[in-house]
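Enquirer: below is the structure, and that's it, no one-letter string:
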């Protein structure tokens with residue numbers, strides 16, 4: 001089907017509808033029938049809230065495609081630290097773990113796996129990779145979603161990820177342009193500002209995006225972030241950033257997709273309808289409004305979505321935006337759909353999808369990547385306990401954190417298999433004389449720590465997840481580690497997160513950094529504790545005063 005011929009057949013209403021990536025709640029298609037049938041919406045953002053299992057996902061998306069005259073570009077966040085269809089899919093250990101493995105071919109293969117699994121259920125675009133250069137240890141939203149802090153390595157791994165997604169048969173979207181890695185605010189909550197010079201931006205933040213463009217990335221997602229050195233307006237609303245820089249200097253020819261207009265960084269400062277028009281005038285091709293409800297329920301969500309479509313339609317009818325400008329965006333959108341076979345109307349094979357997601361070879365690749373990522377930052381492994389010695393495996397995570405994750409309605413980590421039970425079982429399997437302690441944050445911490453006084457080594461598993469709109473509170477686990485160190489215990493910390501926490505307890509005997517929290521990382525860590533896996537990764541980020549980026553495993 002010819003893109004130009006299809007474009008010529010579209011009414012203004014149909015063309016404007018193509019310029020939105022909207023979402024719907026749950027597994028029913030009541031609201032979707034209006035969005036994609038009546039308002040001609042061209043793309044949808046899918047989250048864990050929409051899926052039950054692979055067969056249901058494929059059947060849902062096949063039905064969804066039947067609602068629209070033009071095929072819908074189906075998209076999700078499958079980037080490792082954020083994922084959908086867990087535990088069925090194989091999200092790998094995450095980007096920072098791939099950064100620690102420091103192997104572009106491994107990153108390519110992992111992202112090819114993502115593409116293969118997404119395509120199997122009828123998802124044609126992965127809103128990944130995140131190529132933000134993680135520079136700020138206090139960054140609340142990027143963290144392990146980034147490949148690391150070294151721009152050249154982020155660029156190489158990001159480009160490899162783009163190529164892998166293409167090999168897997170799906171479109172790739174580099175994000176969050178021009179970079180979300182040096183912020184102290186989460187743009188889901190407010191509008192961050194990055195105070196870097198033009199040369200710092202060019203040499204650091206933009207380098208991975210240039211590599212992604214050179215690798216043929218299909219979409220670039222904008223960030224709701226202000227870069228004063230480039231423009232006083234947020235990137236999503238900036239012609240200087242989207243047209244002069246991205247289109248002009250960087251020669252990007254694909255689709256410019258905004259981050260969600262439901263995020264606090266934009267919604268708290270701008271009227272979403274006005275911002276829609278401004279974003280398109282600035283150079284955005286597609287406006288995303290994801291179904292986040294991390295701060296408060298929005299009972300009139302469908303009406304809010306339709307209001308954005310109506311605002312853009314009205315701007316064209318009034319002449320604020322020319323129809324030729326709309327045509328240019330829709331042509332780029334249709335080209336992406338044609339590139340990945342959407343215009344041919346191929347249905348997903350619902351019966352076959354369950355055998356593709358989480359296939360044995362995919363699980364093996366996850367294990368390979370998780371093992372390659374391990375970095376022994378401090379101390380020595382393996383432990384080699386004698387049979388009569390007691391090991392203690394301790395967990396000190398506040399359960400309130402998991403409630404925060406659930407509020408995200410399937411946007412974010414979507415942890416279906418918590419790592420602590422997996423890790424503890426793996427340790428017990430190797431050393432029978434192991435006690436497992438899940439500390440009660442409401443109880444007496446001192447008394448609970450006294451209970452492990454006879455252990456020769458206390459292994460503390462620590463976690464931290466990048467949550468949209470919320471912080472994962474690490475206060476209690478930090479207190480537990482400090483308390484154990486103060487008692488003179490031999491303490492080994494297994495960090496299933498970025499290792500910045502090590503600055504909070506720098507004298508701990510052993511610190512094994514995993515950079516990921518999926519089951520594969522928990523199993524790889526247990527193998528390292530007993531010498532079955534040799535930590536061989538390199539530090540992807542700097543822990544101030546403790547370890548520098550690029551440092552090899554001890």
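Expert: Now that the structure is in, tell me what you want to look at. Bear in mind that the values here come from a model prediction, so they are computed numbers and not experimental data.
Enquirer: what about residue 5, how many residues nearby?
Expert: By other Cβ atoms under 10 Å, 8 other residues sit near residue 5. Quick note: C-beta positions are derived from backbone N, CA and C, even for glycine.
Enquirer: per-residue confidence for it?
Expert: Residue 5 carries a pLDDT score of 91 in this model.
Enquirer: what's the helix or strand for the residue lying farthest from the centre of the chain?
Expert: No residue in the chain has its C-alpha farther from the mean C-alpha position than residue 388, which lies at 43.4 Å (Cα atoms, centre = their mean). For residue 388, there is no enclosing helix or strand under DSSP states H and E.
Enquirer: ok, and the closest non-adjacent residue to it?
Expert: Using Cβ to Cβ, 6 or more residues apart in numbering and skipping residues adjacent in sequence, the residue nearest residue 388 is residue 433, 6.8 Å away.
Enquirer: who are the contact partners of the one you found?
Expert: Residues in contact with residue 433 (Cβ atoms under 8 Å, 6 or more residues apart in numbering) are 385, 387-391.
Enquirer: quick one, which of those are buried?
Expert: With neighbours counted by 16 or more other Cβ atoms under 10 Å, the contacts of residue 433 contain buried members at 385, 390-391.
Enquirer: residue 55: which of these is nearest?
Expert: Within these, the smallest distance to residue 55 is 41.4 Å, found for residue 391 (Cβ to Cβ).
Enquirer: the residue positioned nearest the centre of the chain in helix, strand or coil?
Expert: The chain has residue 82 as the residue nearest its centroid, 3.8 Å off, counting by Cα atoms, centre = their mean. Here residue 82 is coil, with the state taken from DSSP: H, G, I helix; E, B strand; the rest coil.
Enquirer: now it: closest residue in space that isn't a chain neighbour?
Expert: Leaving aside its sequence neighbours, residue 82 sits nearest to residue 412 (Cβ to Cβ, 6+ apart; 5.5 Å).
Enquirer: average pLDDT for stretch 19-28?
Expert: Across stretch 19-28, pLDDT averages out at 93.
Enquirer: domain parsing for the protein?
Expert: 3-354, 374-529 (automatic domain parsing).
Enquirer: ranking those by mean neighbour count, which comes first?
Expert: Among the domains of the chain, the stretch with the highest mean neighbour count (mean count of other Cβ atoms under 10 Å) is domain 3-354, at a mean of 21.
Enquirer: measure that domain end to end?
Expert: End-to-end span of domain 3-354 (Cα to Cα, to the nearest Å): 33 Å.
Enquirer: so how far is that domain off the chain centroid?
Expert: A distance of 11 Å separates the centroid of the chain from that of domain 3-354, by Cα atoms, centre = their mean, to the nearest Å.
Enquirer: name the nearest residue to residue 123, ignoring sequence neighbours.
Expert: Distance criterion Cβ to Cβ, 6+ apart; nearest residue to residue 123, sequence neighbours excluded, is residue 74 at 4.8 Å.
Enquirer: that neighbour reaches residue 43, doesn't it?
Expert: Yes. Counting by Cβ atoms under 8 Å, residue 74 touches residue 43, with 7.4 Å between them.
Enquirer: overlap in contacts of the two?
Expert: The contact sets of residue 74 and residue 43 overlap at residue 125 (Cβ under 8 Å, 6+ apart).
Enquirer: is it true that residue 256 touches residue 288?
Expert: No. Residue 256 is beyond contact range of residue 288, at 11.0 Å (criterion: Cβ under 8 Å).
Enquirer: ok, residue 549 touching residue 150?
Expert: Yes. When contacts are counted by Cβ under 8 Å, residue 549 is listed as touching residue 150 (5.6 Å).
Enquirer: give the residues shared as contacts by these two.
Expert: Between them, residue 549 and residue 150 share these contacting residues under Cβ under 8 Å, 6+ apart: residue 540.
Enquirer: hang on, the earlier thing: how about the contacts of residue 433 in a markdown table, adding pLDDT and distance to residue 14?
Expert: Output for these, formatted as a markdown table (pLDDT from 0 to 100; distance: Cβ to Cβ, whole Å):
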| residue | pLDDT | distance to residue 14 |
| --- | --- | --- |
| 385 | 96 | 67 |
| 387 | 95 | 72 |
| 388 | 96 | 74 |
| 389 | 96 | 71 |
| 390 | 96 | 69 |
| 391 | 97 | 64 |
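Enquirer: closest one to residue 130 out of those, please.
Expert: residue 391 (36.4 Å).
Enquirer: pretty sure that closest one sits against residue 383.
Expert: Yes. Residue 391 is in contact with residue 383 according to Cβ under 8 Å; the separation is 7.4 Å.
Enquirer: who touches both of these two?
Expert: Any residue near both residue 391 and residue 383 by Cβ under 8 Å, 6+ apart counts here, and that gives residue 457.
Enquirer: would you map the strands across the stretch 51-200 of the chain?
Expert: Secondary structure of the stretch 51-200 of the chain (DSSP state E, counting those that start in this stretch): strands at 73-76, 125-126, 171-177.
Enquirer: quick one: closest of those to residue 359.
Expert: Nearest to residue 359 among these is strand 125-126 (17.7 Å), distances taken as Cβ to Cβ.
Enquirer: show me what contacts the residue nearest to residue 123?
Expert: 43-44, 46, 61, 64, 122-125.
Enquirer: and for residue 244?
Expert: By Cβ under 8 Å, 6+ apart, no residues touch residue 244.
Enquirer: hmm, try it at 10 Å
Expert: The contact partners of residue 244, taken as Cβ atoms under 10 Å, 6 or more residues apart in numbering, are 230-231, 238, 250, 283.
Enquirer: got TSV for these, with pLDDT too?
Expert: Output for the contacts of residue 244, formatted as TSV (pLDDT from 0 to 100):
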residue	pLDDT
230	97
231	97
238	98
250	98
283	98
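Enquirer: and the furthest pair within these?
Expert: So, those by Cβ to Cβ: farthest apart are 231 and 250, at 15.2 Å.
Enquirer: am I right that residue 398 falls within a strand?
Expert: No. Counting by three-state DSSP, residue 398 is not found in a strand; it is coil.
Enquirer: got phi/psi on it?
Expert: Dihedral pair for residue 398: phi -70, psi 120, per degrees, to the nearest 10.
Enquirer: starting at the chain centroid, how far to stretch 448-455?
Expert: 37 Å.
Enquirer: residue 217 is in contact with residue 160, isn't it?
Expert: No. Taking contacts as Cβ atoms under 10 Å, residue 217 lies outside contact range of residue 160: 11.8 Å.
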